[in-house]
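**Student:** coords please:
(one chain, ligands or ions: 1)
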Amino acid sequence: MTAPDPTAPDPAAASFGRLWAELEPVGRDPVSGGYRRFAWTWEDRVLREWFAACAAARGLAVVTDRAGNQWAWWGDPDAAGAGAGAGVVVGSHLDSVPDGGAFDGPLGVVSAFAALDTLRADGFAPARPIGVVRFGDEEGARFGVACAGSRLLTGALAPSRALALRDGDGVTMAEAMRLARFTPDDVGRDCAALRRVGVFVELHIEQGRGLADLGRPVAVGSAVWPHGRWRFDLAGEANHAGTTRLADRSDPMLDLAAAIAAARTLAQRHGVLATCGKVRVEPNGVNAIPSRASGWLDARGASADAVRAMVTDFTAALPPTGSLTQESWTDATTFDAGLVARLAALLDDAPVLATGAGHDAGVLASAGVPAAMLFVRNPTGVSHSPAEHASRDDCLRGVHALAAVIRDLAG
Ligand SMILES: [Zn+2]
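**Tutor:** Below is the predicted model of the structure:
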């Protein structure tokens with residue numbers, strides 16, 4: 001094998017740059033610079049069409065599964081003789097949290113197409129079908145359930161529950177799907193789509209400083225911590241801010257503040273992470289004592305028992321007028337050990353890191369699909385923020401790592 005000419009232009013750089021520039025303006029808030037790409041919105045539709053156009057430009061056949069996730073196939077995973085689990089699949093998601101960064105999700109999809117372009121430029125002839133997937137509604141920003149697309153696909157999320165979820169304006173997921181011209185009637189576990197996947201590798205920006213601290217550009221993901229979301233509701237009594245004596249008030253805002261502070265104290269005590277990043281106050285008027293306040297607790301950690309214990313103590317700390325509802329729970333997910341070791345060896349003994357962030361790769365792994373992840377260095381570790389960043393050089397290292405993985409698994 002001849003060594004690559006270091007002065008030759010890198011086809012991955014051109015491909016990555018073009019794809020990145022196409023996506024960059026979609027759903028970007030001009031003031032914050034953050035992204036607002038929520039499930040089943042106009043922005044989501046633009047992203048859906050972008051994905052289909054990328055596939056079409058490469059002659060890939062696009063299949064939309066029963067959950068609305070898109071799959072672009074190089075080679076036919078349903079061909080006679082292909083067998084179950086024929087496909088080597090890469091990809092990620094394109095939706096964002098409110099004011100999210102540019103990299104969380106899109107880096108995996110853009111890198112997947114760029115890796116395919118690189119392999120084709122090299123004349124690679126795959127022995128197995130290769131798929132690029134775009135999972136829908138990964139962040140759960142609009143309807144509150146993370147990884148809704150992959151969970152519906154695997155059956156981990158019941159269609160009846162998902163379709164009845166409401167966004168902040170009271171619109172159900174079913175209504176939002178219809179408005180986006182996707183019929184919700186057939187939403188549910190898609191065995192045919194799952195059967196095509198033999199292995200799934202999701203490339204993602206690292207959401208922490210593990211790689212920056214190690215001085216390495218790319219890692220292999222080993223596991224996703226157990227994590228969950230809970231809503232806590234605190235009842236009070238609406239009244240006038242100017243005429244109600246302090247002693248006569250039943251003010252749920254005070255209980256909300258105490259609960260948020262308690263979450264932090266209890267997280268420290270149990271050695272887990274806890275966050276209250278969303279609250280809702282009714283009626284939310286400056287001069288009105290609220291009638292009701294709700295907060296959302298996100299808790300996760302290396303130990304499921306520790307997370308559960310923290311939530312139990314948090315529940316006990318709520319006032320008698322308060323209640324706690326679990327909205328989601330995901331056990332610890334360990335990625336396929338053989339696959340993780342194989343990828344780490346292939347990628348120059350890449351570091352192997354666990355993560356506290358949930359991912360579609362974790363949902364697929366829980367459903368029995370051999371899965372793993374690649375993480376690309378994030379110098380500050382900041383994520384779910386407009387400040388999220390990876391250098392272009394590291395992004396291209398990620399593309400080449402993903403291309404090497406595809407070559408290894410599909411060659
Ligand atoms: Zn993500």
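**Student:** need the contact list for the residue positioned nearest the centre of the chain.
**Tutor:** Ranked by distance to the mean C-alpha position of the chain (Cα atoms, centre = their mean), the top residue is E138 at 4.2 Å. Shown in contact with E138 (Cβ atoms under 8 Å, 6 or more residues apart in numbering): S92, H93, D95, G105, A146, C147, A148, G149, S150, H359, D360. In short, each C-beta sits where N, CA and C put it, glycine included.
**Student:** tally of neighbours for R134?
**Tutor:** Residues near R134, counting by other Cβ atoms under 10 Å, number 31.
**Student:** wait, doesn't it sit right on G91?
**Tutor:** Yes - assessed by Cβ atoms under 8 Å, R134 is found in contact with G91 at 5.9 Å.
**Student:** So for the two, which residues contact both of them?
**Tutor:** V109.
**Student:** Identify the residue spatially nearest to M373, adjacent ones excluded.
**Tutor:** Ranked by Cβ to Cβ, 6 or more residues apart in numbering and with sequence neighbours excluded, the top spatial neighbour of M373 is G221, at 3.2 Å.
**Student:** now do G59
**Tutor:** Nearest non-adjacent residue to G59, counting by Cβ to Cβ, 6+ apart: W74, 7.9 Å away.
**Student:** quick one: that neighbour and P129 touch, right?
**Tutor:** Yes - contact status for W74 versus P129: in contact at 6.6 Å, counting by Cβ under 8 Å.
**Student:** So, low pLDDT: which residues of the protein?
**Tutor:** By pLDDT under 70, the low-scoring segments of the chain are 1-7.
**Student:** Next up, phi/psi of the residue lying closest to Q207 once chain neighbours are set aside, please.
**Tutor:** The shortest distance from Q207 to any non-neighbouring residue, by Cβ to Cβ, 6+ apart, is to S383 (3.8 Å). Backbone torsions for S383, taken as degrees, to the nearest 10, come to phi -140, psi 170.
**Student:** Would you mind measuring from S383 to the ion?
**Tutor:** Look at S383 and the ion: by Cβ to the ion, to the nearest Å, they are 8 Å apart.
**Student:** What distance do you get for R264 to the ion?
**Tutor:** Distance from R264 to the ion, by Cβ to the ion: 25 Å.
**Student:** Okay, and that residue sits in which element?
**Tutor:** Assigned by DSSP states H and E, R264 belongs to helix 252-270.
**Student:** ok, the residue of the stretch 251-400 of the chain found nearest the ion - how many residues close by?
**Tutor:** Per Cβ to the ion, H359 is where the stretch 251-400 of the chain lies closest to the ion, at 6.1 Å. Using other Cβ under 10 Å, the number of residues around H359 comes to 27.
**Student:** Any idea what whichever residue of the stretch 151-300 of the chain sits closest to the ion is bridged to?
**Tutor:** Closest contact between the stretch 151-300 of the chain and the ion, by Cβ to the ion, is at H204 (5.6 Å). Beta-bridge partners recorded for H204 (DSSP bridges): F375.
**Student:** Also V218?
**Tutor:** On the basis of DSSP bridges, V218 is bridged to V376.
**Student:** and if you look at H240?
**Tutor:** Residues in beta-bridge contact with H240 (DSSP bridges): A288.
**Student:** For V171, see how far away the spatially closest residue to A176 that is not a sequence neighbour is.
**Tutor:** Spatially, and ignoring its direct neighbours in sequence, A176 is nearest to W40 (3.8 Å; Cβ to Cβ, 6+ apart). Noted for W40: a distance of 9 Å to V171, by Cβ to Cβ, to the nearest Å.
**Student:** what do the two both touch?
**Tutor:** Shared contacts of W40 and V171 (Cβ under 8 Å, 6+ apart): L179.
**Student:** Going by how many neighbours each has, rank these two and give me the top one.
**Tutor:** W40 (27 against 15).
**Student:** quick one, what contacts the more buried one?
**Tutor:** G136, D137, R142, M173, A176, M177, L179, A180, F182.
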